[in-house]
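>>> With the sequence up front, the predicted model follows.
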Amino acid sequence: MGRSVSTISRELHRNGWKKRKEKPGRGRPVIAGNYRAALAQGRADELSVKPRVERR
């Protein structure tokens, strides 16, 4: 991917990734570690609209 390991792990944890369990429980199975690319992209789009520090 061309990114550092810390950047990728931070992105995954920020957007809801969870480790796969040894014994899956009951209920709906987790898809792709519960990481949702569409939600992550939406969050990134919202954050990119307004700068952290306003310009003078």
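Nice, I can see it.

>>> how close does Ser48 sit to Lys23?
Counting by C-beta to C-beta, to the nearest Å, the separation of Ser48 from Lys23 is 40 Å. For the C-beta atoms, the positions are set from N, CA and C on the backbone; glycine is no exception.

>>> So those two - more neighbours on which side?
Legend: neighbour count by other C-beta atoms under 10 Å for Ser48 and Lys23, higher for Ser48 (8 against 4).

>>> Which strand or helix spans the more buried one?
For Ser48, the element it lies in under DSSP states H and E is helix 37-49.

>>> for that helix, which positions count as buried?
Buried positions in helix 37-49, judged by neighbour count with 16 or more other C-beta atoms under 10 Å: Ala40.

>>> how distant is it from the center of its chain?
Centroid separation between helix 37-49 and its chain, computed with C-alpha atoms, centre = their mean, to the nearest Å, is 10 Å.

>>> Counting by contacts, list what that helix packs against.
Contact partners of helix 37-49 among helices and strands, from 3 or more C-beta pairs under 8 Å, 6 or more residues apart in numbering; DSSP states H and E: none.

>>> What lies in contact with that helix?
Residues from elsewhere that reach helix 37-49 (C-beta atoms under 8 Å, 6 or more residues apart in numbering): 11, 14-16.

>>> ok, for the spatially most central residue of the chain, nearest residue in space, not its chain neighbours?
Taking C-alpha atoms, centre = their mean, the centroid of the chain lies closest to Asn15, which sits 2.4 Å from it. Nearest residue to Asn15 in three dimensions, chain neighbours excluded: Ala40, at 4.2 Å (C-beta to C-beta, 6 or more residues apart in numbering).

>>> Per-residue pLDDT of the one you found, please?
Ala40 carries a pLDDT value of 80.
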